[in-house]
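**Student:** got a sequence here, can you model it:
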Amino acid sequence: MSTECLGANFDIHGGGVDLKFPHHENEIAQSEAATGQHFANLWMHNGHVMVDTEKMSKSLGNFFTVREVLKRYAPEVVRYFILASHYRSPLNYSQENLDHAKSAMDRFYTALRGLPISVVSDAELGAYGKRFYAALDDDFNSAEAVAVLFDVARDANRLRAEGDMPGASRLASVLSRLGATLGLLQADADGFLKGVSSNAGLSDAEIDSLVEQRVVAKQTKNWKEADRVRDLLKAKGVVVEDFPHGSTWRRA
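**Tutor:** Numbering: from 1, shown residues only. Model (predicted):
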């Protein structure tokens with residue numbers, strides 16, 4: 001099948017770590033003996049998917065489909081969850097780990113929220129870009145590359161807090177550019193953070209109305225009412241974030 005679809009020699013051949021021996025070694029021996037050519041230029045063996053630290057398999061009954069996962073989590077969250085581990089490492093699927101992935105994506109999009117994004121050149125990526133691409137060049141170390149994204153988001157948030165909005169916008173553009181390399185951070189930040197959650201039970205319009213009520217309560221120094229609305233929203237899975245220029249919200 002490989003030679004029929006890709007030719008006698010091709011770039012990348014992959015599979016699970018359990019296929020190294022004897023399957024892939026036999027495939028190399030048979031193919032190269034038959035064609036007289038080097039079979040695959042690069043081999044990539046991925047770790048097993050684990051479910052709560054136990055190997056996923058149909059026989060154990062702990063099998064799930066991507067379609068089932070996407071009923072609860074946005075596709076970008078699942079993509080981040082996979083990229084946050086090295087492809088050769090076991091991938092431990094659990095609701096807790098996917099919740100952590102959702103929190104990470106919230107952090108990135110919070111750093112992007114409200115900032116203009118512009119096109120940045122390779123040179124403008126600076127030290128962040130060098131570290132990011134060095135990680136990907138090192139056996140596709142996506143986990144290390146993701147760590148660079150956290151550094152960019154942290155520094156963007158710091159500049160925003162210091163009032164350096166041009167600097168924060170520049171780093172937000174770097175974050176967006178690097179994230180795009182991994183297929184991340186290309187959605188509208190506000191839209192992602194306000195994305196529909198099956199746990200929220202409130203529409204965007206209802207949440208906007210409650211946030212506005214809280215703003216009015218704070219302006220009139222009705223702290224008890226402001227706290228009540230905040231707690232109500234929190235109970236519905238909505239986090240209110242206060243800034244000097246006003247308040248925003250996101251679904252937890």
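**Student:** contacts for the helix or strand of the chain with the lowest mean pLDDT?
**Tutor:** Lowest by mean pLDDT, DSSP states H and E among the helices and strands of the chain is strand 54-55, with a mean of 78. Contact partners of strand 54-55, identified using CB atoms under 8 Å, 6 or more residues apart in numbering, comprise H48, V49, L60, N62. Every residue, glycine included, has its C-beta placed from N, CA and C.
**Student:** which phi and psi does the second one have?
**Tutor:** What that stands for is V49. As for V49, its main-chain torsions (degrees, to the nearest 10) stand at phi -80, psi 120.
**Student:** how near is it to I82?
**Tutor:** According to CB to CB, to the nearest Å, V49 stands 9 Å off from I82.
**Student:** cool, and the first one?
**Tutor:** Using CB to CB, we find H48 at a distance of 13 Å from I82.
**Student:** which neighbours do those two share?
**Tutor:** Taking CB under 8 Å, 6+ apart as the contact rule, H48 and I82 both touch L91.
**Student:** how confident was the prediction at Q95?
**Tutor:** What the model reports for Q95 is a pLDDT of 87.
**Student:** what about it, how many residues nearby?
**Tutor:** Q95: 11 surrounding residues under other CB atoms under 10 Å.
**Student:** domains in the protein, by residue range?
**Tutor:** Domain assignment for the chain by automatic domain parsing gives 1-46, 77-193, 204-251.
**Student:** now the end-to-end length of the shortest one.
**Tutor:** Terminal residues of domain 1-46 are spaced 21 Å apart (CA to CA, to the nearest Å).
**Student:** which parts of the stretch 1-150 of the chain are strands?
**Tutor:** Across the stretch 1-150 of the chain, reading from the start of the chain, the strands by DSSP state E, counting those that start in this stretch fall at 10-16, 40-46, 49-51, 54-55, 91-93.
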